[in-house]
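>>> let me see the structure of the following:
(2 chains)
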Amino acid sequence: MSSENLFIFIVGCGRLGSFLANRLSGKGHSIVVIDINDAAFDSLSAEYSGFRIVGDATEFTVLKEAKIEEADIFIATTRDDNVNLMVSQVAKKIFHVPKVMARVFEPKRESIYKDFDIEAVCPTSLAVELFLEAIAESIAVEKGN
Amino acid sequence: MNILIAGGGKTVYFLCRTFTSKGHKITVINRDHDESVWLARHLKIVSIHGDWSAPQVLEEAGTSLMDAVLAVTSNDHDNLAICQIASLHFKVPQTLALVNDPNNEDVFRQLGITAVSTARILSNLMEQRVGFGEITNLITASEGKLNITEIELMETSPVARKQIRDIAFPQNSLLAYILHEGQPTIPKGDTVLYPGDRVFVITLPENYAETIRMLTGDRR
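As a prediction, the model looks like this:
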């Protein structure tokens, strides 16, 4: 994996997927974004220089034709936890992509993703952690006064 | 047996009727509230309304006590998640997933889940029944390293009315059996091939074309 120019595969072009694609493309990486809905690509910035593929990522041939086996990093960001779980396992176990990550909505599913050896990021859990930290800090500040 | 079914529609209704008539205990998880109520009223089953792939719903449904889990929702990815959570998390001994995409039979197998594609079963059956033309590719076995092919012999076939012993089959090809006037026959040296017979040949991909040419004449 060269650190200069990575081939990054993103499934889902919603708020999270498009934001990631824009940022990573800006850093000079090669990006492929897949979304089932053509209109989703409107969220990509004018500077985005990667590929857009309209298709269902749970369809094996869609991933294969997009040359997933050459990817260095695979990120599943769709709104459906089960879609993310399926495509990230396919990326990891069948196409042997070196680094595979998935967004998971339901915090209770995080442990299940770990059973399947998928690196899961749960925005809800992250937000809760940040809020709790901020609360703990403000309490500490009050006590200090 | 205790069987959990995730899904909806007529498939689930008739699966339930079949299983309960054989004395199995059925639990169904359905996402549609009205359908769950309807199933509970019309069948002797436990009907649960909820997200069929949510771990807590599966836990409430008693998944850890199930002998088998059948995932027949209309989404391949939901069926994968249900079967994987059931087998890995709840240690259910038998799971089976329905898939739309025939490729997913193989994809799911590599992820440890047995899957069945209606599209593949129906297209295979159709090809066998209708026999698209005179050649039907029945099966490729051992990841495509072996073909089993059914061929109907025409009047113009170079091997028609010949004894098997007079036919020079290519190496690594085998005439497995003959369907003569609807009767299956195991071929011997003195068996004669007639037009209208259906023959079943096993070949390797490299001599497939040669074998087909020999049986059908040089028409393709």
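>>> gap between the two ends of stretch A:36-47?
22 Å (CA to CA, to the nearest Å).
>>> please see if that stretch touches chain B.
No - using CB under 8 Å from any CB of the partner chain, stretch A:36-47 stays clear of chain B, with a minimum separation of 12.0 Å. Glycine gets a C-beta too; all of them are placed from N, C-alpha and C.
>>> who touches that stretch?
A:12-15, A:17-19, A:21-22, A:25-26, A:33, A:35, A:52, A:54-57 (CB atoms under 8 Å, 6 or more residues apart in numbering or on different chains).
>>> try 7 Å this time
Stretch A:36-47 is contacted by residues A:Cys13, A:Gly14, A:Ser18, A:Ala21, A:Asn22, A:Gly26, A:Asp35, A:Arg52, A:Val54, A:Gly55, A:Asp56 when judged by CB atoms under 7 Å, 6 or more residues apart in numbering or on different chains.
>>> ok, stretch A:82-98 next?
So stretch A:82-98 is contacted by A:1, A:11, A:57-58, A:63, A:68-69, A:71-72, A:74, A:76, A:78, A:100, A:102-104, A:113, A:116-118, B:53, B:77-78, B:80-81, B:107, B:110-111 (CB under 7 Å, 6+ apart).
>>> using CSV, please lay out the contacts of stretch A:36-47 together with pLDDT, distance to B:Met1 and secondary structure.
Shown next, in CSV, are those (pLDDT from 0 to 100; distance: CB to CB, whole Å; DSSP: H, G, I helix; E, B strand; the rest coil):
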residue, pLDDT, distance to B:Met1, secondary structure
A:Cys13, 96, 44, coil
A:Gly14, 95, 42, coil
A:Ser18, 96, 48, helix
A:Ala21, 96, 48, helix
A:Asn22, 96, 52, helix
A:Gly26, 94, 56, helix
A:Asp35, 97, 42, strand
A:Arg52, 96, 48, strand
A:Val54, 97, 44, strand
A:Gly55, 96, 40, coil
A:Asp56, 95, 35, coil
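>>> average pLDDT for the longest helix anywhere in chain A?
Using DSSP state H, we find that the single longest helix of chain A is helix A:123-144. Helix A:123-144 shows a mean pLDDT of 89.
>>> same question, stretch A:67-75
On average, stretch A:67-75 scores 96.
>>> when you scan it, is anything in it near chain B?
No - with CB under 7 Å from any CB of the partner chain as the measure, stretch A:67-75 is seen stopping short of chain B, the closest distance being 12.5 Å.
>>> element containing the residue nearest the centre of chain B, please.
Closest to where the C-alpha atoms of chain B average out (CA atoms, centre = their mean) is B:Ile121, at 4.5 Å. In the assignment (DSSP states H and E), B:Ile121 maps to helix B:118-130.
>>> now that helix: mean pLDDT?
Per-residue scores along helix B:118-130 average to 75.
>>> ok, now stretch B:170-185?
Rounded mean pLDDT across stretch B:170-185 is 89.
>>> for that stretch, which positions count as buried?
Residues of stretch B:170-185 classed as buried by neighbour count (16 or more other CB atoms under 10 Å in any protein chain shown): B:Pro170, B:Ser173, B:Leu175, B:Ile178, B:His180.
>>> and the residues you listed, which is closest to chain A?
B:Ser173 (31.3 Å; CB to the nearest CB).
>>> hmm, B:Asn207 and the closest one touching each other?
Yes - the pair B:Ser173 / B:Asn207 is scored as a contact, 5.6 Å apart, by CB atoms under 7 Å.
>>> quick one: the residue of chain B positioned farthest from its centre and chain A, what's the gap?
The C-alpha centroid of chain B is most remote from B:Asp166, which lies 37.4 Å away (CA atoms, centre = their mean). Plainly put, B:Asp166 is 46 Å away from chain A if you go by CB to the nearest CB, to the nearest Å.
>>> now B:Tyr194
Distance, B:Tyr194 to chain A, by CB to the nearest CB: 42 Å.
>>> bridge partners for B:Val201, pull those for me.
On the basis of DSSP bridges, B:Val201 is bridged to B:Thr149, B:Leu175.
>>> number of residues surrounding the closest residue to A:Asp56 other than its chain neighbours?
Sequence neighbours aside, A:Ile36 is the residue nearest to A:Asp56 in space, at 5.2 Å (criterion: CB to CB, 6 or more residues apart in numbering or on different chains). A total of 17 residues lie near A:Ile36 under the criterion other CB atoms under 10 Å in any protein chain shown.
>>> now the one 10 residues further on
For A:Ala46, the neighbour count with other CB under 10 Å is 6.
>>> A:Val54 now?
15.
>>> can you pull the contacts of it?
By CB under 7 Å, 6+ apart, the contact list for A:Val54 reads A:Asp35, A:Asp38.
>>> tell me the SS of A:Val100?
Assigned with DSSP: H, G, I helix; E, B strand; the rest coil, A:Val100 falls in the strand class.
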